[in-house]
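[1] fold the stuff below for me.
(one chain, ligands or ions: 2)
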Amino acid sequence: MSSPSGPLILLIHPMKEAGLRLLREAGDVRMATGNDPGTIGREVRGAQAVIIRTGGKIDAAVLDAAGKGLKVVGRHGVGYDQIDVAAATSRGVQVVYTPGANTQSVAEHVFAMFIGLSKHFPRMTSELAKGNYDARTSLVGREVAGRTLGIIGFGRIGRRVAETARLGFGMSVLYNDIVPAPHDVEVRTGARRASFREVLEASEYVTMHVPLDPSTRGMIARDALALMRPDAILVNTSRGPVVDEAAVAEALDAGRLWGYGADVFAVEPPPQGHPLIGRPDVLLTPHSAAQTEEGLTNMAAMVARDVAAVLRGTPPESPVNDPFEVEHVRRSLGLPPLYEARR
Ligand SMILES: NC(=O)c1ccc[n+]([C@@H]2O[C@H](COP(=O)([O-])OP(=O)(O)OC[C@H]3O[C@@H](n4cnc5c(N)ncnc54)[C@H](O)[C@@H]3O)[C@@H](O)[C@H]2O)c1
Ligand SMILES: O=C(O)[C@H](O)COP(=O)(O)O
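    Ligands and ions are numbered 1, 2, ... in the order given. Okay, here's the model as predicted:
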């Protein structure tokens, strides 16, 4: 896979050539044989870099198994909830990720779900498969245009969804975020900041774009769903545990929600018999919103660029933890500097 010299770079999952090319120039690239804790723990030994995608964890045990030579953990992706960043920082390990790499891919996925649910795609498909062509007239859909959209988490993806909603569909956009967006962003997107409650009460479409952390876990549960309009469509492309899936199934059963779209699950892959799989009012994809040619190429190139940068002693462009703090910790632990010597 690479020249068997230079620092060991362990890939937990495959990635596009756009990234592999850069990594092969930076070291000895090896592919892990699995992403379970035992395999990662064994195969990470001696690595200076490890790169992970969805599936598997980088926790304190993995960091310790790697040993003191580990310099950088790369997240091929945006959500880094499966990496124990505090544990990495306290061991002087840099963490890097790929913000923005799949923003457009995910935003397009959200509209695919809005439109697919509004026009009853899951039900239309199953009725057609049963030979019921009358579904054409018995099931009436609705247009997305002109309706009210609520965005929870108004970062890169939330803002791209807002722009598309405004320009493509003439929607009214409300957002909820712990941080107010700059005025020019609100003007560009036409979005107005509102309380969590107001967003849920007013919106016919609600889309989740928060990271998974203690403040967002279970954010949409029974109490939040009770605030929503019965004609609302809820879409979750963020992280599964942000939404209580059993509570969504209950709301759909009770006619208190029009439809649910999700790209992510509380447990991935979702177990057989999952309450949302196979429902006619639900559209599900297997964590594939970012899996486009463009998204995959961007993620691979960005994570490889930053991992290679750290290995050659240059601060990364997209760090999760602060390079200065990492350097300070390394000094206090008596580890060789990552960047200092090169400045
Ligand atoms: N399905 C996929 O393949 C896929 C792809 C990319 C990202 N994601 C997920 O989507 C998330 C968002 O991505 P992004 O690029 O927009 O990230 P981002 O960091 O640009 O935006 C996240 C926003 O959420 C806000 N936020 C954080 N906690 C909040 C809270 N408690 N209440 C309200 N707002 C809160 C932040 O202030 C920020 O503005 C990622 O963290 C990741 O988990 C999923
Ligand atoms: O957070 C992300 O960006 C997504 O989970 C996609 O990342 P992956 O395809 O690398 O898992």
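[2] can you map out the helices along the stretch 201-343 of the chain?
    Under the criterion DSSP state H, counting those that start in this stretch, helices of the stretch 201-343 of the chain are mapped to 222-227, 245-253, 293-311, 323-333.
[3] and residue 60, what pLDDT?
    For residue 60, the model assigns a pLDDT of 98.
[4] oh, I was asking about residue 5
    Looking at residue 5, its pLDDT stands at 77.
[5] list the contacts for it?
    By C-beta atoms under 8 Å, 6 or more residues apart in numbering, residue 5 lies in contact with 27, 28. The way it works is simple: take the backbone N, C-alpha and C, and place the C-beta from them, glycine included.
[6] at 7 Å what do you get?
    residue 28 (C-beta atoms under 7 Å, 6 or more residues apart in numbering).
[7] equivalent analysis for the one 10 residues further on, please.
    By C-beta under 7 Å, 6+ apart, the residues touching residue 15 are 76, 300.
[8] pull the contacting residues for the residue positioned nearest the centre of the chain.
    Closest to where the C-alpha atoms of the chain average out (C-alpha atoms, centre = their mean) is residue 79, at 4.4 Å. Residues in contact with residue 79, defined by C-beta under 7 Å, 6+ apart, are 211, 212, 239.
[9] rewinding a little: tell me which of the helices of the stretch 201-343 of the chain sits nearest to ligand 1.
    Comparing the helices of the stretch 201-343 of the chain against ligand 1 with C-beta to the nearest ligand atom, the closest turns out to be helix 293-311 (7.8 Å).
[10] which residues touch that closest one?
    7, 9, 15-16, 18-19, 22-23, 26-27, 48-49, 51, 71-72, 74-77, 94, 96, 98, 101-102, 104-105, 315-318, 338.
[11] again with stretch 281-291
    54, 77, 102, 105-106, 109, 113, 116-117, 121-122, 237, 252, 259-264, 268-269, 276-277.
[12] what about residue 179, which helix or strand?
    Under DSSP states H and E, no helix or strand contains residue 179.
[13] for it, give its distance to residue 193.
    Separation of residue 179 from residue 193 (C-beta to C-beta, to the nearest Å) stands at 10 Å.
[14] and the strands in the stretch 101-250 of the chain?
    Counting by DSSP state E, counting those that start in this stretch, the stretch 101-250 of the chain has strands at residues 148-152, 172-176, 191-193, 205-208, 233-236.
[15] in the stretch 1-150 of the chain, which spans are helices?
    17-26, 37-43, 60-66, 85-90, 103-118, 121-129, 135-138.
[16] torsion angles phi and psi at the closest residue to residue 106 other than its chain neighbours?
    Nearest residue to residue 106, sequence neighbours excluded (C-beta to C-beta, 6 or more residues apart in numbering): residue 289, at 4.6 Å. Phi and psi for residue 289, reported as degrees, to the nearest 10, are phi -60, psi -30.
[17] quick one on the thing from earlier: turn the strands of the stretch 101-250 of the chain into JSON lines, including mean neighbour count.
    Formatted as JSON lines, the strands of the stretch 101-250 of the chain follow (neighbours: other C-beta atoms under 10 Å):
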{"stretch": "strand 148-152", "mean neighbour count": "25"}
{"stretch": "strand 172-176", "mean neighbour count": "23"}
{"stretch": "strand 191-193", "mean neighbour count": "18"}
{"stretch": "strand 205-208", "mean neighbour count": "27"}
{"stretch": "strand 233-236", "mean neighbour count": "27"}
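[18] quick check, residue 340 in contact with residue 326.
    No - the criterion here is C-beta atoms under 7 Å, and residue 340 misses it with residue 326 at 10.9 Å.
[19] give me the more crowded residue out of these two.
    residue 326 (27 against 13; other C-beta atoms under 10 Å).
[20] please name the nearest non-neighbouring residue to the more buried one.
    residue 94 is the one closest to residue 326 (C-beta to C-beta, 6+ apart), at 5.0 Å.
[21] same check, this time on residue 304
    residue 19 (3.5 Å).
[22] give me the pLDDT value at the residue nearest to residue 111 when sequence neighbours are not counted.
    In this structure, residue 111 finds its nearest non-sequential neighbour in residue 164, 6.3 Å apart by C-beta to C-beta, 6+ apart. For residue 164, the model assigns a pLDDT of 98.
[23] show me where pLDDT drops low in the protein?
    Within the chain, the stretches with pLDDT under 70 are 1-4, 341-343.
[24] quick one: contacts for whatever residue of the stretch 101-250 of the chain ends up closest to ligand 1?
    Nearest residue of the stretch 101-250 of the chain to ligand 1 (C-beta to the nearest ligand atom) works out as residue 155 at 1.8 Å. With contacts defined as C-beta under 7 Å, 6+ apart, residue 155 is in contact with residue 209.
[25] could you do residue 225 as well?
    So residue 225 contacts 247, 248, 251, 256, 257 (C-beta under 7 Å, 6+ apart).
[26] again, 8 Å this time
    Residue 225 makes contact with 234, 247, 248, 250, 251, 256, 257 under the criterion C-beta under 8 Å, 6+ apart.
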